[in-house]
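Asks: Pasting the sequence and the predicted model now:
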Amino acid sequence: MMDFLVHNFAIREDSWILTMIIFLPAVGALMIMLPSRAANRSAGATALLCSSVTFVLTCTAMVAFYIHAPVDEFGSADYLLRHYIPWITTGETVLLDATTYPTIDIAYRVGVDGISIWLLMLSALLMPIAILSSFTGIRKRQREYYALLLLLQTGLMGVFCSLDLLLFYVFFEFTLIPLFFIVGIWGGPNRRKAANKLFIFTLAGSVLTFAGVVFLAYWSGKHLGYVTLNIQELVYLGQRGYIPTSVQIWVFLAFAAGFSVKVPLFPVHTWLPLAHTEAPTAGSVIIAGVLLKLGTYGFCRLGLAILPIAAVKLGPIFAVLAIIGIIYAALAAWVQTDVKKLVAYSSVSHLGFCMLGLFSMKIAGATGGVLYMINHGLSTGALFLIVGFVYERYHTRDINKIGGLARQMPWLAFFLVFFTLSSIGLPGLNGFVSEFLVLLGTATSGQTTDRLVEGPLGYGYAIPAALGIILGAVYMLWMCQRLLFGPLKEPPNTPDLSAGLTQDLTRREKGILMPLAICCVVLGVYPKPLLHTFEIATRQHILLETVAGYESVVDGGPFDGRPAASAVEDANRESIEVVASDDSSSPPLKRWGTRPPFGPSLERGEVGYDVLPRRGGVLPRRGGDDLDLDGGVDSIVTSFVTRGARHDD
Amino acid sequence: MDFDTLRTCALVILLAPLCAAILAGVFGPKLKGHTHWVTIGGVGTAFAFSVMLFLQVRAGHGAGFPVLIPIYDWLLAGVGKAFRVEFLVDPLTAIMLMTVTGVALLVVIYSRDYMRDHGACERGYERFFAYLALFVFAMCALVLGGNFLLLYLGWEAVGLCSYLLIGFYYDKPAAAAAAKKAFLVNRVGDFGFGLAILLIYLTFGSIEYQVVFDMVRQGLDANGHALAQGTITAIALLLFCGACGKSAQLPLHVWLPDAMEGPSPVSALIHAATMVTAGIYMIARCGAIFTASPTAMMVVAIVGATTAIFAASIALVQTDMKRILAYSTISQLGYMVLGIGVYAADSAVFHLFTHAFFKALLFLGAGSVMHAMGGIIDVRHFGGLRKVLPWTFATFLLGSLALAGVPGLSGFFSKDEIIHHALTAHPVFGAVGLVTALLTAFYTFRMVFLAFAGDEKIPEGVHAHESGGWMLFPLLVLSVGAIGAGYLGVGAKPFHHFLEPVFANTFMAANPVHGGHGAAHPSFWQAYGLMVVSGGLAALGIFAAYLLYVKQPWIAGLAKASWPGAHKAAGHKWYVDEAYDAGLVEPAKKAGRVCVGLDDYLIDGLVWLVTAVPRGLGYLLRTAQGGAVQGYGLTMVIGITVIMLVVLWNSA
């Protein structure tokens, strides 16, 4: 077992590009903070330069990814552009083939697949835009501001690249620190309360997430023989049912505690409207555009992938919460008078769709959910930018105090209507594609399409969710009507153009919005390049072994020649027992699926695949001969000692 | 029939208006007063290619249609499943395309003069032509789409254009509100449509027209099981929900009268001739699904009949010319829906076709009146315009005669067909059809007499003038259509024969009245008797209007005084808007406020409670950290002692 894992997942590569992408912003932050007289004035420019270089690097990574990426439908499933640096790596374990491997293997592992590369792209795109949008809005303590924004970017990029659970958690938590200061220092009048609330909610959740991470480490140490938080290994174990159901459920709940707050899922969403309202424009853009996606990405990459049984079992609960969130937040958005709060509530509503898609456990739903992350980042990010532009001119976001802007600001009106349409899912623009796929996935979740086992949702979930589409149009169009149409209404002494603004959008502002608008159109008309990579990544890294019986058509696997239904029946068996047996000729493990997921190089019967944890092998045993996964409280240390001793005989 | 030609035609029909929209949008500010040329070019090209496509389809009549033209993969929904952008060409598509692009071309020409004076807002002129071109693109996409998703795309896109064009005078709060209302009411319909698509995919594993329809005909679902009647009824009704929104059927009709806030050419094109008929098109297209469910067909017929008479009753008392026409449109759409509901889809499409001519003519005529009256459209403010606007009057009269169903004009033939089929299906439907015909003639000529007959009355300060050639030309062309279009459906019925391959397997085969043997062959007396009756009703309606509004106006006043309640209720459109407000909008807003309250008090309160625990602990522990070093020392000593004791105890 361990041999197999080590040989297949502990891949050490040194492609530096992701590391550069992750840490370049941090270096930039350092440069800005260096005591120098020039730095104060040029902080914004430096930050912009730095994030632009990051963007270019990400584009390079994207090109490299697409060159190496599997284009073939059943292609290899590796993460690409990987970088490995030992981190908490100690001890020495001898494998069956007499090579050695660290006992604790927690490392700096980064890499991207079809999902993370696009999320990386999204953050790389939004950050220069956020920085550019702050040039007129931020007038105090600019150095610190831009440095913190760049640090935030490092955190975000890190999360999307991490292939190690602890690394993921570190980046995940790290994002909170710069954000706390950005909201707390440069925010609106209520910024302290907002920052505190943000901090308390997020931290309370992620403490539990950390407990989950530690428990997984403990569990792996106890049952694998070495401590690993390598996401790929954990995904393998989880998808094959090696992680027992009870463990999955507890760990899933622990993960969900942290991720739900970030998403945010009803009822832990209340930090978001306040944080959005108080945060400076760039902060809002990054929160809505990228930060919220950490939650959904976490659910996707860790929740669904490592803990699929728990995801199926708990799916209905989370889906119901998501649906409540969709409708609840839409209704709440409708009665807001603060435009920014309205958009913030719309975020809660939209992210509910995203969650719904992921929990459909269907390729259509999951790819839709992932695309939803991107689309929401584009359109809601743009909406926050527009609200920010209005605020800079009128110093108010009260929908009752401003109105009829279309006549004065035709460009603003165009963009606001455009992104509103994108956000309410007009076909032909990006929002529709993801919305439709999410609903399609939800509706078909109960079917056994794509040779996936039944997901936990069904048509009944799609109906109330679709109601959210009507409500979404209601509040967004209401906002447009109030802000743009009707007779002109401005607070006295406005617009304030003292910061070098013009009445309508400036060139800079148009330049900020234009790329986002173009992305929206392109993704709406031709989303195939993204959807295709999402589909491959989803199938191979997220819903991997819930894909049962692929081989009956692909590579002559054990389901070859058998009707797909029986394959699905096998796969759908809920209780997954792991029983060790001496007979290595028959696979002892009832698993969710049987496809060797990682690379065509590994064939059935080769070392590793399907090989038992042999008696006297590296797997720790306690008491009897059976591998007791749900067993008592054995400390990690004991299991190391035991294993070391066992290995000698 | 040549596949490549069809493909080229379809692409050009779509892309020419789209390019025109983009060009007009981008270069509009530079082109200013010449922007209309861009749109005329784009729509004209689309029209030319629509004619070509029509000729192609006619040349290959019956053979090889429908033709599916795949373009590219749009969405991927799982392994090997793609939703394509693909076009479907068959006789129904060809007719719809010609109607849409033809009327659109005339409306664009008309707008050239009209919008000079009415393009009030910022860059109004350019914006208008960009939107109009975009609309033509969207409508063509709707008609050409080869699967339900593309139909939905076109569906929403025409909704968007309608939103933009209704709200064209955006500084008018009523226009902005009407635009929003139109979009939202349509969204309610689209909710049903969307769910229908999901259910179709769930049931048949595909959303391609041909695949789905074939499976429905065979009565099988994706797994090869027999199709449940409940499922097919649910799909049909959900689809019909969408059709109700777009074609302004009860109870989703409320948006169309308000949509008259838009410029008159828009009312003519979008809210009379083309977009609102999308619902009819959809039901006709999905004939296989609808005819598989008699329940759904019954619902369709009932809704259509109710809408027809209901809207006509409101039109009786309106005073705004455009609103009268709007309710008339709703009523006529009701006829079409009724026609489909009684398995006479070809008649319904025929009525759609003739209606496009005379209703566009009437709206453009009303626009011409409005143009002359300086923007005033309420018939109480003017009258006797027949001398001032002779051309407008003549064409408007023709359109009105056609709408009223006077024998010899297009509206008569198509409406008569529907009434005939309704009568054979069920006497009640027929009766409703006949009564509505009477009402139609009455309200149409009430409007005509009020506006054009009697003594000349012109609002103060208005320089009344006949419109110029750019506006009169479309009126004349449409008049020809209003007279002549009906003759395509009499005698050898070339129109119906052209459409026959589309409906032969669905509506005609499933028609219970005629035992599933295609179109009915009524006896001489049936056919001509009905013609006499409906012609007589039209004459009666016109005469009644003449009596009430020209000869003896006191009767109208008396009628109004004798039934004040009914008059007021009809004037308030039977309080449907008010009911929606009180029953749906306000409760939803209240719910929204409750949600916000929950957020602010309940959830945050709970969080406060949760955080109170550590806070309380911290408060307690604070006393232990007074900063006195002695205290710390003491605590440390005690702690160490305890630990040592525990260790000793364990080892012992």
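Replies: Everything's here; your move.

Asks: Now do the contacts for residue B:336.
Replies: Applying Cβ atoms under 8 Å, 6 or more residues apart in numbering or on different chains, we find residue B:336 in contact with B:247, B:277, B:280, B:304, B:348-349, B:351-352, B:355, B:418. From N, CA and C alone the C-beta is placed, and that goes for glycine too.

Asks: how much space between residue B:532 and chain A?
Replies: Using Cβ to the nearest Cβ, to the nearest Å, residue B:532 is found at 48 Å from chain A.

Asks: Of the contacts of residue B:336, just say which sits nearest to chain A.
Replies: residue B:247 (18.5 Å; Cβ to the nearest Cβ).

Asks: pLDDT score for that closest one?
Replies: Looking at residue B:247, its pLDDT stands at 89.

Asks: List the contacts of it.
Replies: Residues touching residue B:247, when contacts are defined by Cβ under 8 Å, 6+ apart, comprise B:276-280, B:333, B:336-337.

Asks: where does residue A:269 fall, phi/psi-wise?
Replies: Torsion angles at residue A:269 (phi, psi; degrees, to the nearest 10) stand at phi -100, psi 0.

Asks: Residue A:462 versus the residue in the stretch 501-649 of chain A that chain B sits nearest to, what's the distance?
Replies: Scanning the stretch 501-649 of chain A for proximity to chain B using Cβ to the nearest Cβ identifies residue A:531 as nearest, at 4.2 Å. In this view, residue A:531 and residue A:462 are 20 Å apart by Cβ to Cβ, to the nearest Å.

Asks: low-confidence ranges in the stretch 51-200 of chain A?
Replies: Segments of the stretch 51-200 of chain A classed as low confidence (criterion: pLDDT under 70) are A:69-77.

Asks: Oh, that last question was meant for chain A, not what I typed.
Replies: Flagging of chain A using pLDDT under 70 yields the residue ranges A:1-12, A:37-40, A:69-77, A:449-453, A:544-649.

Asks: Residues of the stretch 1-150 of chain B that sit close to chain A?
Replies: Contact residues, the stretch 1-150 of chain B versus chain A (Cβ under 8 Å from any Cβ of the partner chain): B:72-82, B:121-123, B:149.

Asks: how about 10 Å then?
Replies: Where proximity means Cβ under 10 Å from any Cβ of the partner chain, the interface of the stretch 1-150 of chain B facing chain A comprises B:25, B:29, B:72-83, B:85, B:121-123, B:127, B:138, B:141, B:149-150.

Asks: between the contacts of residue B:247, which is nearest residue B:293?
Replies: Among the contacts of residue B:247, residue B:337 lies closest to residue B:293 (Cβ to Cβ), at 15.5 Å.

Asks: quick one: pLDDT of that closest one?
Replies: Reported pLDDT for residue B:337: 92.

Asks: Just give the number of residues close to the residue lying closest to it once chain neighbours are set aside.
Replies: Using Cβ to Cβ, 6 or more residues apart in numbering or on different chains and skipping the chain neighbours, the partner closest in space to residue B:337 is residue B:304 (3.1 Å). Residues within reach of residue B:304, counting by other Cβ atoms under 10 Å in any protein chain shown, total 31.

Asks: got it, and the one 10 residues further on?
Replies: The burial metric for residue B:314, expressed as a neighbour count using other Cβ under 10 Å, is 25.

Asks: sec struct for the residue nearest to residue B:337, please.
Replies: At residue B:304, secondary structure determined by DSSP: H, G, I helix; E, B strand; the rest coil is helix.

Asks: Quick one: residues contacting it.
Replies: Contacts were defined as Cβ atoms under 10 Å, 6 or more residues apart in numbering or on different chains; by that measure residue B:304 touches B:244, B:247, B:249-250, B:280, B:283, B:333-342, B:348, B:418, B:422, B:429, B:432-433.

Asks: swap the cut-off to 6 Å and go again
Replies: B:334, B:337-338, B:341 (Cβ atoms under 6 Å, 6 or more residues apart in numbering or on different chains).

Asks: Make a ChimeraX selection of the buried ones in those residues.
Replies: Buried residues within the contacts of residue B:304, as defined by 16 or more other Cβ atoms under 10 Å in any protein chain shown, are selected in ChimeraX through the command that follows:
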select /B:334,337,338,341
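
Asks: So which of the contacts of residue B:304 sit within strands?
Replies: Assigned to strands by DSSP state E, none of those qualify.

Asks: just curious, which of the contacts of residue B:304 is nearest to residue B:642?
Replies: Proximity of the contacts of residue B:304 to residue B:642 (Cβ to Cβ) peaks at residue B:337, which lies at 86.0 Å.

Asks: From residue A:499, how far out is the closest one?
Replies: Taking Cβ to Cβ as the measure, residue B:337 falls 57 Å from residue A:499.

Asks: same question, residue A:257
Replies: When distances are taken as Cβ to Cβ, residue A:257 and residue A:499 turn out to be 42 Å apart.

Asks: Look at these two and report which has more neighbours.
Replies: Neighbours were tallied for residue A:257 and for residue A:499 using other Cβ under 10 Å; the higher tally belongs to residue A:257 (19 against 11).

Asks: I figured that one hits residue A:205, correct?
Replies: Yes - counting by Cβ atoms under 6 Å, residue A:257 does reach residue A:205; the two are 4.7 Å apart.

Asks: just the strands in chain A please.
Replies: Under DSSP E, chain A gives strands at A:80-90, A:93-94, A:100-101, A:104-112, A:227-228.

Asks: residues in contact with residue B:330?
Replies: With contact set as Cβ under 6 Å, 6+ apart, residue B:330 has these partners: B:248, B:253, B:256, B:311.

Asks: Just say helix, strand or coil for the residue lying closest to the first one once chain neighbours are set aside.
Replies: Nearest-residue entry for residue B:248: residue B:256, 4.0 Å, with adjacent residues in sequence omitted and distances by Cβ to Cβ, 6+ apart. In the three-state summary, residue B:256 is assigned as helix, counting by three-state DSSP.

Asks: Give me the neighbour count for residue B:256.
Replies: Each residue near residue B:256 was counted by other Cβ under 10 Å, and the total is 28.

Asks: Now for it: which residues touch it?
Replies: Listed by Cβ under 6 Å, 6+ apart, the contact set of residue B:256 reads B:248, B:326, B:330.

Asks: Get me the contact residues on the stretch 501-650 of chain B for chain A.
Replies: Neighbours of chain A within the stretch 501-650 of chain B, by Cβ under 6 Å from any Cβ of the partner chain: B:589, B:591-593, B:595-596, B:599, B:603-604.

Asks: Who wins on neighbours among these?
Replies: Among those, where neighbours are counted by other Cβ under 10 Å, the top count belongs to residue B:592, at 23 neighbours.

Asks: Contacts only, for residue A:136.
Replies: By Cβ under 6 Å, 6+ apart, residue A:136 lies in contact with residue A:499.

Asks: how much space between the residue lying closest to residue B:208 once chain neighbours are set aside and chain A?
Replies: Counting by Cβ to Cβ, 6+ apart, residue B:147 is the residue found nearest to residue B:208 once chain neighbours are left out, at 4.6 Å. When Cβ to the nearest Cβ is the yardstick, residue B:147 and chain A sit 12 Å from each other.

Asks: Give me the angle between the top helix by length along chain A and strand A:104-112.
Replies: Looking across chain A with DSSP state H, the single longest helix is helix A:191-224. Helix A:191-224 and strand A:104-112 meet at an angle of 120 degrees, taking axes from the mean of the first three to the mean of the last three Cα atoms, to 10 degrees as the criterion.

Asks: quick one, domains of chain B?
Replies: Following automatic domain parsing, one finds the domains of chain B at B:1-146, B:293-514+B:523-571, B:576-620+B:628-651.

Asks: Out of these, which gets nearest to residue A:111?
Replies: Taking Cβ to Cβ as the criterion, domain B:1-146 is the member of the domains of chain B that comes nearest to residue A:111, at 23.8 Å.

Asks: averaged over its residues, what pLDDT does that closest one have?
Replies: 84.

Asks: taking the contacts of residue B:304 one by one, which sit in helices?
Replies: For these, membership in helices holds for B:334, B:337-338, B:341, with DSSP H as the criterion.

Asks: want to try CSV for those residues, with distance to residue B:21 as columns?
Replies: Conversion of these to CSV gives the following (distance: Cβ to Cβ, whole Å):
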residue, distance to residue B:21
B:334, 32
B:337, 31
B:338, 35
B:341, 36
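
Asks: Fine by me, thanks again.
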